[in-house]
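A.B. asks: Below are the sequence and a predicted model for it; my questions follow.
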Amino acid sequence: MPNEIELKLRIATADIPQLKRHAAIRKHLIGKALTRRLVSTYYDTDDLQLMDRKVSLRVRRMSGGWFQAVKAAGHSLAGLHQRLEWEDIISKGEPDFTKITDPSLTPIFDDLKLRQALKPIFTTDMQRTEWQLDYEGSKIELSLDNGQLIAGKQQQPMVEIELELKDGQVAHLFALALQLQADIPLTIENVSKAQRGYAYYRSFQQQVAKAKSAQITADDSLNQALEKSGWECLRQLQANQGLALEGTEIEGVHQMRVALRRLKVVLRLFKLHDEEISADLNWLNTLLAKARDLDVMLTETLPQLKLPAAEAQQVQEHFQRSRKRAYQAVRQGLNSQRYQHLLLALGHKIASGIPHGNSPLSSQAGPALQKLHKRLLQRGKGLHKLASNEQHEARKSARHLRFALEFIAPALSGKRAAAKTEAMLEEVKTLQSLLGTLNDTATTAQTLALAARRTPALLPAAQLWQHDAARQLKRSKPKLKAAWKQFKQAKIAW
């Protein structure tokens, strides 16, 4: 039951000649390139039972022979596809169920009714060129697929690169991709050929993807914890890209920002400082922040202001135009090569691990949390009396501690430690929420004031919000003081 690991990238047809003569291929090539035609037919029932069971069945004609592949559900992050694959040589161009013997598959394919209902649903017809590479000791098969997907009367051109790891380190897939992307525009492809074919038969609606547990345990090493937390952040980031590009669901941008913040905490926890990655993360966050601030303005702030109808409409139209420009910038950013490079660089960083990464996370979790806890205590001293910029710094420290607790607290063993950590986490969340509300209030005031200087008609809205903001600040001080007291009194488990 081999685990297929490959990195998929889209490439423009015009850039294929440059790929074929790229120095990275020439330097690491073993033998000669091989070009052949691959015609692959995918089977399923009319109601797509295999797809619903997260399994695909493919029969391929290649080099005069027939090959059958069953692939089980996996995952795709930063273009890296990992899934289980069972491949066999068969005698003719239709499924051979006698080859499907794995216990995890037989409950599906031993069903006679399902077998009889299976039929071809779409085909890919590709000209594939393959290069076998020895990349720093890793065996990588680089494939260029150029052809089309055929589903009934509909056809779709498909041109993509696959870097499949035959043996060696996953990090080398990303290293090679970064070398290629430095000279050729490439786009990460998180959708498989099968998924693109199925899209003709069933629509897949974009869903908001929120943060999930990284499933770190007390037995994990540092590198295992890094991989779990890092890939989880990339999952959330990329899962919300589609919504951010569409701009119709405001949670898309919001959840991408959450993923970025969590990712920054992971990089800090595991001391993976990289100036270029940090600069690119800040660039992306700035793009998303502008759109997010305007989303909050239009959906939360303006509805609270009791402006006359004519003024309310003028203010609404002003910020709708600003939001449109902000989302255009987001789309340009997410479609840029800078963003693609960032994702590949993050994948490479996470897959590369850290020196001495085999040591247990449990030996490092306590000191890391203690450091973040101490920093928050220092920055939050006299919290309710601090200026807004100082409260903002305390808020960032609270956020860092919260995410760190969510990621690595499971490495602290014992029921008492778990109970204390959970209590601490709740106090930090409360503190972060209060500080976040104050920060949103201050940001909105600045945005309205700046807009009013440029457009005097917005001055009444800015003045009204300034008045409301002052009242909110006054009301928040007792709550903030109480929350800070509760946080300081919470017992630590490290």
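C.D. replies: Looks like it came in fine.
A.B. asks: got a list of what residue 105 touches?
C.D. replies: 55, 70, 72, 86 (CB atoms under 8 Å, 6 or more residues apart in numbering). For glycine as for every other residue, the C-beta is placed from the backbone atoms N, C-alpha and C.
A.B. asks: got it, and residue 247?
C.D. replies: Contacts of residue 247 (CB under 8 Å, 6+ apart): 291, 327, 330-331.
A.B. asks: Scan those and report the most crowded one.
C.D. replies: residue 291 (28 neighbours; other CB atoms under 10 Å).
A.B. asks: element containing that residue?
C.D. replies: helix 275-296 (DSSP states H and E).
A.B. asks: buried sites along that helix?
C.D. replies: By 16 or more other CB atoms under 10 Å, the buried positions in helix 275-296 come out as 277, 280-281, 284-285, 287-288, 290-296.
A.B. asks: lowest-pLDDT helix or strand in this protein?
C.D. replies: Scoring the helices and strands of the chain by mean pLDDT, DSSP states H and E places strand 75-77 at the bottom, with a mean of 64.
A.B. asks: Next, find the distance separating residue 482 from residue 470.
C.D. replies: 21 Å (CB to CB, to the nearest Å).
A.B. asks: Would you mark the buried spots in stretch 199-215?
C.D. replies: Under 16+ other CB under 10 Å, the buried positions of stretch 199-215 are 206, 209, 211, 214.
A.B. asks: Take those and write them to a markdown table, including pLDDT, distance to residue 493 and secondary structure.
C.D. replies: What follows is the buried residues of stretch 199-215, written out as a markdown table (pLDDT from 0 to 100; distance: CB to CB, whole Å; DSSP: H, G, I helix; E, B strand; the rest coil):
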| residue | pLDDT | distance to residue 493 | secondary structure |
| --- | --- | --- | --- |
| 206 | 85 | 39 | coil |
| 209 | 94 | 30 | coil |
| 211 | 94 | 22 | coil |
| 214 | 93 | 19 | coil |
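A.B. asks: Determine the number of other residues adjacent to residue 165.
C.D. replies: So residue 165, with other CB under 10 Å, has 22 neighbours.
A.B. asks: Residue 304 now?
C.D. replies: Neighbour tally, residue 304, other CB under 10 Å: 10.
A.B. asks: That one - nearest residue in space that isn't next to it in sequence?
C.D. replies: Among residues not flanking residue 304 along the chain, residue 468 sits closest, at 7.3 Å (CB to CB, 6 or more residues apart in numbering).
A.B. asks: Could you give the backbone dihedrals for that neighbour?
C.D. replies: The phi and psi values for residue 468, taken as degrees, to the nearest 10, are phi -60, psi -40.
A.B. asks: Pull up the gap between it and residue 486, please.
C.D. replies: 27 Å.
A.B. asks: Compare the two and say which is more crowded by neighbours.
C.D. replies: For residue 468 versus residue 486, neighbours defined as other CB under 10 Å are more numerous around residue 468 (17 against 14).
A.B. asks: that older thread, contacts made by the helix holding residue 291 with the rest, please.
C.D. replies: So helix 275-296 is in contact with 244, 247, 250, 253-254, 256-257, 260, 263-264, 267, 319, 322-323, 326-327, 329-330, 333, 338-339, 341-342, 345-346, 349, 440, 443-444, 447, going by CB under 8 Å, 6+ apart.
A.B. asks: same check, this time on stretch 45-55
C.D. replies: 43-44, 56-57, 70-73, 105, 108, 114, 117-119, 198, 201-202.
A.B. asks: please redo it, this time with the cut-off set to 10 Å
C.D. replies: 42-44, 56-57, 70-74, 83-84, 104-105, 107-109, 111, 113-119, 121, 194-195, 197-198, 201-202 (CB atoms under 10 Å, 6 or more residues apart in numbering).
A.B. asks: Filter these down to the buried ones.
C.D. replies: 42-44, 56-57, 70-72, 74, 83-84, 105, 108-109, 114, 118, 121, 194, 197-198.
A.B. asks: Residue 119 against residue 59, yeah?
C.D. replies: No. When contacts are counted by CB atoms under 10 Å, residue 119 is not listed as touching residue 59 (11.8 Å).
A.B. asks: which neighbours do the two share?
C.D. replies: 41, 43.
A.B. asks: ranges for the strands of this protein?
C.D. replies: Taking DSSP state E as the criterion, the chain contains strands spanning 3-11, 34-44, 55-62, 65-72, 75-77, 80-90, 119-135, 138-151, 154-167, 186-188.
A.B. asks: Any chance of the ones you listed in TSV with distance to residue 494 as columns?
C.D. replies: Shown next, in TSV, are those (distance: least, CB to CB, whole Å):
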stretch	distance to residue 494
strand 3-11	36
strand 34-44	51
strand 55-62	44
strand 65-72	39
strand 75-77	30
strand 80-90	33
strand 119-135	41
strand 138-151	38
strand 154-167	37
strand 186-188	38
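A.B. asks: which of those has the lowest average pLDDT?
C.D. replies: Note on those: strand 75-77 shows the lowest mean pLDDT, a mean of 64.
A.B. asks: if we can go back for a sec, of the contacts of residue 105, closest to residue 7?
C.D. replies: Each of the contacts of residue 105 was checked against residue 7 using CB to CB; the closest is residue 72, at 19.1 Å.
A.B. asks: Quickly list what the closest residue to that closest one other than its chain neighbours is bridged to.
C.D. replies: In space, and not counting its chain neighbours, residue 72 is closest to residue 84: 4.2 Å by CB to CB, 6+ apart. Counting by DSSP bridges, residue 84 forms beta bridges with residue 3.
A.B. asks: Near residue 353, how many other residues are there?
C.D. replies: Residue 353: 21 neighbours (other CB under 10 Å).
A.B. asks: picking that back up, and which of the buried residues of stretch 199-215 is nearest to residue 172?
C.D. replies: residue 214 (24.1 Å).
A.B. asks: Where does pLDDT dip in the chain?
C.D. replies: 1-2, 74-79, 413 (pLDDT under 70).
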